[in-house]
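> Sharing a sequence plus its predicted fold:
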Protein chains: 2
Amino acid sequence: MALEHAILVSLTERAGSGYELARRFDRSIGFFWPATHQQIYRVLRRMDDAGWITHTEIAQDGRPDKKVYEVSQDGRSELTRWLAEPVDPALLRDGLAVKLRGASLGDTSAVLREVERHRAEHATRLETYRSIQRRDFPKPDKLNGRELHQYLVLRGGVRAEESFLGWCDEVIQAMRSESTS
Amino acid sequence: MALEHAILVSLTERAGSGYELARRFDRSIGFFWPATHQQIYRVLRRMDDAGWITHTEIAQDGRPDKKVYEVSQDGRSELTRWLAEPVDPALLRDGLAVKLRGASLGDTSAVLREVERHRAEHATRLETYRSIQRRDFPKPDKLNGRELHQYLVLRGGVRAEESFLGWCDEVIQAMRSESTS
DNA sequence: AGATGCACTGCAACTCGTTGCATAGGTATG
DNA sequence: CATACCTATGCAACGAGTTGCAGTGCATCT
């Protein structure tokens, strides 16, 4: 019961087709709530049936018609209702931690290489978030309302990636000095 | 394809019944790979069918018989195979971030209270991890092998919760000073 | 000319994960 | 004495999420 709400938030900011939503998820809200185009299409249909959104078919030449969705009054009510309701705190679910815990039952150096690979991946994501921050929020002190909230969400991403990165470094260092001792 | 492996890691450390595994998940490995008893029972059966584990039925009086599972040779091979294979870096999936992004479409102060609630929850988890660290790993410099790896996993939990906590504080501060300006 | 890729929607089949319930005797709490 | 929780396993039903495939037509690369 939450992809619905992520879509409502995104569609309230701007109407769009399923495809456009999927692109947006790849670039922004999906950093914190990942979803594939398949999930999005299915949920859009369900939301349409429930009356939370309406669509307008737009004929295009050269490519298939698209359905542009908008949030209805019912959808807006549902969104405000949900905003006032508690959500579960984010749970970690990290395969790398499981591997690390089992590392001594297999090839420890392969696990170490895996940690190094994850380190690189997290560094890339961190750089992505930081460049968005530089581009869209150069003066964070001046923000308020929706822009402030978007900035704060991005800060969460930056902090999470910094934390992962620091952890990878700690693990790499500990495992290296162990194997040479 | 990963709860299997978390179970293999846990069962390799010690044999146990489905119920015991579910308790263990609540207290340790499940911090990084949550699972309910239902999931665990179902996956145990599948793993048993695949020959990765074997079970011994143990009659008990006063309570139902239990099946104690052990990792087989095939299970050990599967585990080492998996350890050498890449896993996807952990994805965030945080309902609070979605709410924050939509905060200005509803009751902003309700969202702020929600952030405060999450802050308290993360502080509790952090204290849990820290007390495990104090109890089980008072001298982290001396560790190696399996114990070192367990310690490092716990460090990941500590870092993640510290990061969430810091984020909550940043959000709370920014939202409070906005509403009074 | 042929291959690849993008824009756009969607079906089908599957696994993963959650929730509610059932059973059954035990022990602890009020 | 009643209520509730603990141990222990499991079914049934549902919703969430993934993967593979399919079709159309234009644009771009080789």
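Thanks, I have it. Numbering: from 1, shown residues only, chains lettered A, B, ... in the order given.
> Beyond the host helix or strand of A:Thr54, next helix or strand please.
Taking DSSP states H and E as the criterion, the element that holds A:Thr54 is strand A:53-58. Tracing the chain past strand A:53-58, the next element assigned as helix or strand by DSSP H and E is strand A:66-71.
> near DNA strand C at all, that next one?
Yes: for strand A:66-71 and DNA strand C, the contact criterion (C-beta under 7 Å from any atom of the strand) is met by A:66-67. C-beta here means a position set from N, CA and C on the backbone, and glycine is covered the same way.
> still on that earlier bit, can you list the buried residues in the strand holding A:Thr54?
A:53-55 (16 or more other C-beta atoms under 10 Å in any protein chain shown).
> Look up the closest residue to the residue nearest the centre of chain A, ignoring the ones flanking it.
Per C-alpha atoms, centre = their mean, the C-alpha nearest to the average position across chain A is that of A:Phe31, at 1.8 Å. Nearest in space to A:Phe31, with sequence neighbours left out and distances taken as C-beta to C-beta, 6 or more residues apart in numbering or on different chains, is A:Gly157 at 5.5 Å.
> So which elements touch the helix or strand containing that neighbour?
Following DSSP H and E, one finds A:Gly157 within helix A:145-179. Contacts defined by 3 or more C-beta pairs under 8 Å, 6 or more residues apart in numbering or on different chains; DSSP states H and E place helix A:145-179 against helix A:108-136, helix B:95-102, helix B:145-179.
> Looking at these, which is nearest to DNA strand C?
Across those, DNA strand C has its closest neighbour in helix B:95-102 (12.6 Å, C-beta to the nearest atom of the strand).
> Now do the same contact list for A:Gly156.
Residues in contact with A:Gly156, defined by C-beta atoms under 8 Å, 6 or more residues apart in numbering or on different chains, are A:32, B:94, B:97, B:167, B:171.
> now those in TSV, with pLDDT?
TSV is the format used below for those (pLDDT from 0 to 100):
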residue	pLDDT
A:Phe32	91
B:Asp94	92
B:Ala97	95
B:Trp167	97
B:Val171	97
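> ok, the residues you listed vs A:Leu105, which is closest?
Of all these, A:Leu105 sits closest to B:Asp94, with 31.8 Å by C-beta to C-beta.
> Could you look up the SS state of the residue lying closest to the closest one once chain neighbours are set aside?
Leaving aside its chain neighbours, B:Asp94 sits nearest to A:Ala90 (3.9 Å; criterion: C-beta to C-beta, 6+ apart). Here A:Ala90 takes the coil state, with states given by DSSP: H, G, I helix; E, B strand; the rest coil.
> Do you know the pLDDT at A:Ala90?
In this model, A:Ala90 is scored at 84, pLDDT.
> correct me, but A:Ala90 touches B:Arg93?
Yes: with contact taken as C-beta atoms under 8 Å, A:Ala90 and B:Arg93 are classed as touching, separated by 6.5 Å.
> okay, the two: which has more neighbours?
Neighbours were counted for A:Ala90 and for B:Arg93 using other C-beta atoms under 10 Å in any protein chain shown; A:Ala90 has more, 20 against 17.
> List the contacts of that one.
B:92-96, B:164.
> Among those, which one has the most neighbours?
With neighbours taken as other C-beta under 10 Å, the top of the contacts of A:Ala90 is B:Phe164, carrying 26 neighbours.
> So what's the gap between the lowest-mean-pLDDT helix or strand in chain A and the chain middle?
One helix or strand of chain A scores below all others by mean pLDDT, DSSP states H and E: strand A:53-58, with a mean of 87. With C-alpha atoms, centre = their mean, to the nearest Å as the basis, the distance from the averaged C-alpha position of strand A:53-58 to the chain average is 26 Å.
> Quick check: which helices or strands does it pack against?
Under the contact criterion of 3+ C-beta pairs under 8 Å, 6+ apart, strand A:53-58 touches helix A:37-50, strand A:66-71.
> State the mean pLDDT of the last one.
Meaning strand A:66-71. pLDDT averaged over strand A:66-71 gives 89.
> and it with DNA strand D, contact?
No: applying C-beta under 7 Å from any atom of the strand, one finds strand A:66-71 out of contact with DNA strand D, separated by at least 10.6 Å.
> ok, and what's touching that strand?
Where contact means C-beta under 8 Å, 6+ apart, the residues beyond strand A:66-71 that reach it are A:8, A:11-12, A:15-19, A:21, A:44, A:48, A:52-58, A:60, A:79.
> make it 10 Å
A:7-21, A:41, A:44-45, A:47-48, A:52-60, A:75, A:78-79, B:105 (C-beta atoms under 10 Å, 6 or more residues apart in numbering or on different chains).
> next one: the first one
Outside helix A:37-50, the residues within contact range by C-beta under 10 Å, 6+ apart are A:3-4, A:6-8, A:10-11, A:17-26, A:30, A:35-36, A:52-55, A:67, A:69, A:71-72, A:74-75, A:78.
> One more: stretch A:130-138?
Taking contacts as C-beta under 10 Å, 6+ apart, the residues outside stretch A:130-138 that touch it are A:27-28, A:31, A:140, A:143, A:147-148, A:150-152, A:154-155, A:157-158, A:161-162.
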